[in-house]
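Trainee: here's a sequence, model it:
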Amino acid sequence: MKTLVLSLTFLALVVSPGVYAQKSELDQLVLSLQSKYTKLRTLAADFTQVYSAPGERTRRESGRLLLKKPGRMRWDYTAPETKLFVSNGRTIYEYTPADKYATKSSVKESDDLRAPFMFLLGRGNLRRDFKLIEFARESPIKAGNKVLKLVPKRDQDFSELMIEVEPVSLQIARLSFIDSDQGRSDFIFSNISENVPASSSRFIFKAPPGVEVREID
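Mentor: Numbering: from 1, shown residues only. Okay, here's the model as predicted:
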């Protein structure tokens with residue numbers, strides 16, 4: 001079996017050197033991404049979240065994102081309504097003032113699409129957590145960017161993840177989650193700042209007076 005693999009690899013190099021060059025570019029990009037986001041301490045960015053699915057009306061939300069190691073994140077939504085999604089790395093709180101209550105859940109139990117953003121702060125490993133990584137066939141939202149397609153090894157609430165990255169700075173321009181029903185959530189980022197000061201108090205949720213906190217099992 002080992003001899004067969006080596007033979008096929010050699011054949012691929014001789015017959016199609018372009019494929020080998022493309023693979024080298026892919027491997028280098030994945031390695032560079034992993035290295036950068038393992039070392040990153042904090043990240044702040046404006047975001048636009050777009051959800052679309054067959055037969056449904058497209059939904060669009062926007063706000064400001066703040067991430068901090070180890071695994072802390074804060075999403076301040078400003079449009080079309082105000083809401084907060086915040087985690088200290090162990091617990092997730094979601095609060096929409098119009099609802100008059102907040103929800104609390106464990107990070108491990110959460111099925112929210114925002115939870116996989118932990119890998120941006122070194123909690124995940126692309127090669128370990130995904131069984132397939134390749135260049136995607138879809139066009140980037142910004143010319144010159146690279147788009148990666150990743151398929152998770154374990155069952156997730158998404159079947160594919162798209163990462164659009166600026167190849168020089170390695171800044172993430174977009175993360176797109178596609179589920180088995182072809183529903184799609186795109187997170188598009190702008191005004192990105194790395195390693196900015198971020199107090200740990202920003203990731204602690206304090207319910208306003210009169211607001212009930214409901215724990216989700």
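Trainee: just to be sure, Ser32 is in a helix?
Mentor: Yes: looking at Ser32 with DSSP: H, G, I helix; E, B strand; the rest coil, it is inside a helix.
Trainee: that one - nearest residue in space that isn't next to it in sequence?
Mentor: Spatial nearest neighbour of Ser32, excluding adjacent residues (C-beta to C-beta, 6 or more residues apart in numbering): Leu170 at 5.8 Å. Quick note: C-beta positions are derived from backbone N, CA and C, even for glycine.
Trainee: what's the answer for Thr78, then?
Mentor: Leaving aside its chain neighbours, Thr78 sits nearest to Gly63 (4.7 Å; criterion: C-beta to C-beta, 6+ apart).
Trainee: kindly state the pLDDT recorded for that neighbour?
Mentor: Note for Gly63: predicted pLDDT of 98.
Trainee: look up how far Tyr77 lies from it.
Mentor: 4 Å (C-beta to C-beta, to the nearest Å).
Trainee: on the three-state scheme, the residue most central in space within the chain is what?
Mentor: The C-alpha lying nearest the average C-alpha coordinate of the chain belongs to Phe117 (C-alpha atoms, centre = their mean; 4.1 Å). For Phe117, the assignment made with three-state DSSP gives helix.
Trainee: check contacts around it.
Mentor: For Phe117, the contact set (C-beta atoms under 8 Å, 6 or more residues apart in numbering) comprises 67, 73, 175.
Trainee: shouldn't the second one be within a helix?
Mentor: The reference is to Met73. No: counting by three-state DSSP, Met73 falls outside a helix, being strand.
Trainee: and the contacts of stretch 124-142?
Mentor: With C-beta under 8 Å, 6+ apart as the contact definition, stretch 124-142 has outside contacts at 22, 26, 30, 33-34, 116, 118-119, 146-154, 161-162, 164, 166, 173-174, 188.
Trainee: buried residues, that stretch. List them.
Mentor: Residues of stretch 124-142 classed as buried under the neighbour-count rule (16 or more other C-beta atoms under 10 Å) are 124, 126, 129-130, 133, 136, 140.
Trainee: got a pLDDT number for Lys39?
Mentor: Model confidence at Lys39 (pLDDT) stands at 89.
Trainee: try Ile216
Mentor: Value for Ile216, per-residue pLDDT: 86.
Trainee: pretty sure it is touching Thr103, no?
Mentor: Yes: counting by C-beta atoms under 8 Å, Thr103 is a contact partner of Ile216 at 5.5 Å.
Trainee: more neighbours, the two?
Mentor: Shown here are Ile216 and Thr103; by other C-beta atoms under 10 Å, Thr103 has more neighbours (16 against 11).
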